[in-house]
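Participant: I need the structure of the sequence given here:
(one chain, ligands or ions: 2)
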Amino acid sequence: MTDDVLDTRGGRVLVSVAAGVAGLAGSYALTGAAPAFLASPIERALARTMPGAIVSFAITTLGSLGQRLNLLAAIAVAGLFVALAARAAILAGEAANNRLLPSVGTAVVTWAVAVALTGELVLSAGAALPAAGVVALAQALDAFGADATPISSKRRRALSTVGVALGAGVLGYRLGGQRSPTTTAADAPPITAAGADLEDAQTKLDAASDASLDVDGLDSLVSETFFEVDINSIDPQVDAGDWSLSVTGAVEQEVTLDYDELQGMDAENRFSTLRCVGDSLNGKKMDTALWTGVPVDQLLDEAGVQSGCECVMLRATDDYYEEFPIEALRGGLLVYGMNGNVLPRGHGYPVRALVPGHWGEVNVKWLTEIEVLEREAEGYWEKRGWQGTGPVKPVAKLHHAELVADGRRRLAGHAYGGLRGVARVEVSTDGGETWADATLSDPLPAVDGDGAAEDAWRQWEFTYDPPAGGHTAVVRMVDDAGDVQTAEETDPVPSGPSGWVSREFA
Ligand SMILES: Nc1nc2c(c(=O)[nH]1)N[C@H]1C(S)=C(S)[C@@H](COP(=O)(O)O)O[C@H]1N2
Ligand SMILES: [Mo]
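Facilitator: Ligands and ions are numbered 1, 2, ... in the order given. Down below sits the predicted model:
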């Protein structure tokens, strides 16, 4: 019986797991949150195959943490692969009585697994070398401490190996984090497309800041940070030079467009609000941007649409797909710019669809194909129990409350009704008995600069003398047709939340 860590079962498991941690860390350090990261292809496979009930449960009960579960599971599986590679190499080395086999074997097998998963020959070394290094370290420590040392020293050797692996983990996490993309439009470079009118974009953005209500702490009319919802935590990385979009299926002729061609076409700058069907009633998955893109309908006309169901399927590089009426797409844009800058990776770089008035999910990012269908089909979320391809439900949100001078209270928020428009926001300070009109921000400008943007939210503000004792404030919006937002409360699942937002004040 020797005194080697690697001679015990537990020791081998410990070193293998440490190798798994180091392998993940090394991979992440080189790639950041990119498709070349070892866990990314596993996450995509999970996103494709995870049963809808689990996905919906995770998202609705755990919120954004739920959306990270796939990633956590993928990281665990990727780490396990590396650990198994290390364990096999350690055992093989012992069986062959070969001192090089454990580390070299770990490197080779981990590299092969990483290449098989990611297809990256060079970046896969990021996983292989640190994993092999941990195995070599455990061997070296064993070699130094092998001579008649007390058992505590064996434990110390094992802990040293684990400590080094954890240190590598922290370092890899930091380095990878620095490589990972920022997703706000403000950090992206300006648009350079020939077909885009940048002066017009700037004029509109200026108009938006003029129109914003003067309420400290209320989100501006153009969102400074824009929510993100993805089926994967790790976004696709698409090279604009390699990108193309095809119109396929029930068409007279297929049409294909590349990035340069798209950027040369006449584009428009359009304010539009997006809201996720999985948003909670008073949640934050609702934001507004100035989008720059080319109207889709000219492309559809060029292809000559002959759909039996008057419906289309949009597809993307992350294997996401959504089906909805062609009519809705006709009013849409192929977007490559956001707030005057290049569309950020997190929002679909190089090109996403913008479909006015509809739930966020049909605004397909990293868009590559518009398939005109003969028959209705289900989209990614509909296969998982959602019904989020239709028009958004109207909502007035209450995100701001403060006490101002003279004991008065000020409430504020945003209201959005898609193409129904926002004509009024009404506030009740007696739990819904009586209602008064809130002050609205001026509408954002329309595409041609005249009149109001068709599909954009408005801010509202209401200041009042609070009654003595407690009271409940309630808000609701009224659309351009005079219809009041429904009071009936529903969950986000399956077709979006409804009801009136209310808040109690003591
Ligand atoms: N390719 C692709 N497009 C996508 C998604 C996705 O996961 N993959 N998520 C959709 C959902 S559910 C929403 S709500 C919107 C969110 O857009 P944003 O992330 O730019 O805010 O993108 C939609 N487009
Ligand atoms: Mo969504």
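Participant: what's the spacing between the closest residue in space to Phe505 that isn't next to it in sequence and ligand 1?
Facilitator: Of all residues not flanking Phe505 in the chain, His471 sits nearest, at 5.7 Å (Cβ to Cβ, 6 or more residues apart in numbering). (Each C-beta comes from the backbone N, C-alpha and C, glycine too.) Relative to ligand 1, His471 is positioned 34 Å away (Cβ to the nearest ligand atom, to the nearest Å).
Participant: Quick check: His471 vs Val395, distance?
Facilitator: 22 Å (Cβ to Cβ, to the nearest Å).
Participant: These two - which one has more neighbours?
Facilitator: Val395 (29 against 17; other Cβ atoms under 10 Å).
Participant: Next up, the contacts around the more buried one.
Facilitator: By Cβ atoms under 8 Å, 6 or more residues apart in numbering, Val395 lies in contact with Arg275, Leu281, Met286, Ala415, Tyr416, Gly417, Met477, Gln485, Pro497, Ser498, Val501.
Participant: Dump these into TSV; add secondary structure as well.
Facilitator: Converted to TSV, the contacts of Val395 look like this (DSSP: H, G, I helix; E, B strand; the rest coil):
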residue	secondary structure
Arg275	strand
Leu281	coil
Met286	strand
Ala415	strand
Tyr416	strand
Gly417	coil
Met477	strand
Gln485	coil
Pro497	coil
Ser498	strand
Val501	strand
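Participant: isn't the residue nearest to Phe505 right up against Val427?
Facilitator: No: assessed by Cβ atoms under 8 Å, His471 is found out of contact with Val427, at 11.6 Å.
Participant: from memory Ala473 sits against Arg503, does it?
Facilitator: Yes: counting by Cβ under 8 Å, Ala473 does reach Arg503; the two are 5.3 Å apart.
Participant: Now the common contact residues for His471 and Val427.
Facilitator: Counting by Cβ under 8 Å, 6+ apart, nothing touches both His471 and Val427.
Participant: Output the below-cut-off pLDDT ranges for the stretch 101-250 of the chain.
Facilitator: For the stretch 101-250 of the chain, the stretches with pLDDT under 70 are 146-152, 182-183.
Participant: how does it look with 90?
Facilitator: 142-157, 178-187, 233 (pLDDT under 90).
Participant: Please list all residues in contact with whichever residue of the chain sits closest to ligand 2.
Facilitator: Scanning the chain for the residue nearest ligand 2 gives Cys276, at 3.3 Å (criterion: Cβ to the ion). Residues in contact with Cys276 (Cβ under 8 Å, 6+ apart) are Phe227, Val229, Lys285, Met286, Trp359, Gly360, Glu361, Gly388.
Participant: helix or strand for the second one, which one?
Facilitator: When you say that, I think you mean Val229. For Val229, there is no enclosing helix or strand under DSSP states H and E.
Participant: Name the nearest residue to it, sequence neighbours excluded.
Facilitator: Nearest to Val229 is Cys276, by Cβ to Cβ, 6+ apart, at 5.0 Å.
Participant: Helices of the stretch 51-200 of the chain, start to end?
Facilitator: Shown for the stretch 51-200 of the chain, the helices assigned by DSSP state H, counting those that start in this stretch span residues 52-62, 64-96, 101-118, 125-145, 151-179, 198-211.
Participant: Relative to the whole chain's centre, how far out is stretch 223-240?
Facilitator: 4 Å (Cα atoms, centre = their mean, to the nearest Å).
Participant: An error on my part: the question was meant for stretch 493-500.
Facilitator: 21 Å.
Participant: Give me the distance between the two termini of that stretch.
Facilitator: 17 Å (Cα to Cα, to the nearest Å).
Participant: per-residue pLDDT, the residue in the stretch 351-500 of the chain that ligand 1 sits nearest to?
Facilitator: Ranked by Cβ to the nearest ligand atom, the top residue of the stretch 351-500 of the chain for proximity to ligand 1 is Gly360, at 2.6 Å. pLDDT, Gly360: 98.
Participant: ditto for Tyr321
Facilitator: Looking at Tyr321, the pLDDT reads 98.
Participant: can you list the residues of the stretch 151-300 of the chain near ligand 2?
Facilitator: Val229, Cys276 (Cβ under 5 Å from the ion).
Participant: Appreciated, that's everything.
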